[in-house]
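K.L.:
the sequence isn't on hand, but the structure is:
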């Protein structure tokens, strides 16, 4: 595995960006955007998750094979979650 030489200041900058995105999420919750509220909140949350995964979990400097495995496992578990949720929804008795 390769060595990562990233300064503490860089991580502090990423942390400040994460705090600003959190404040943006809270601010967006108080603005009535109709059906776009969940879309905006999920977009900000996805951006924050991407920052955490890339920089704090050091995926940015990882090997391509490792990144492919992580992406495939993420897609697999997302499809599993969606499949089980749809199976539950499809088998409910709506009376």
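P.N.:
Received the coordinates, thanks. What you see is a predicted model; the values in this text were computed from it and never measured.
K.L.:
distance of residue 11 relative to residue 56?
P.N.:
7 Å (C-beta to C-beta, to the nearest Å). Yep, even glycine has a C-beta here, placed from its N, CA and C like the rest.
K.L.:
let me redo that: residue 48
P.N.:
Taken as C-beta to C-beta, the span from residue 48 to residue 56 is 11 Å.
K.L.:
of the two, which one has the most company?
P.N.:
Using other C-beta atoms under 10 Å as the criterion, residue 48 and residue 56 rank with residue 48 on top: 18 against 12.
K.L.:
give the contact list for the nearest residue to that one once chain neighbours are set aside.
P.N.:
Distances taken as C-beta to C-beta, 6 or more residues apart in numbering place residue 21 nearest to residue 48, at 5.1 Å, with adjacent residues excluded. Contacts for residue 21 (C-beta atoms under 8 Å, 6 or more residues apart in numbering) come out as 44, 47, 48, 51.
K.L.:
name the residues of the longest helix seen in the chain that are buried.
P.N.:
The longest helix of the chain (DSSP state H) is helix 64-90. Neighbour-count burial for helix 64-90 flags no residue at all (criterion: 16 or more other C-beta atoms under 10 Å).
K.L.:
can you offset everything so residue one is 228?
P.N.:
From this message on, residue numbering opens at 228, which makes the last subject helix 291-317.
K.L.:
what's it packed up against?
P.N.:
If contacts are counted by 3 or more C-beta pairs under 8 Å, 6 or more residues apart in numbering; DSSP states H and E, helix 291-317 sits against no helix or strand.
K.L.:
from the chain's centroid, how far away is it?
P.N.:
14 Å (C-alpha atoms, centre = their mean, to the nearest Å).
K.L.:
now it: average pLDDT?
P.N.:
For helix 291-317, the mean pLDDT works out to 90.
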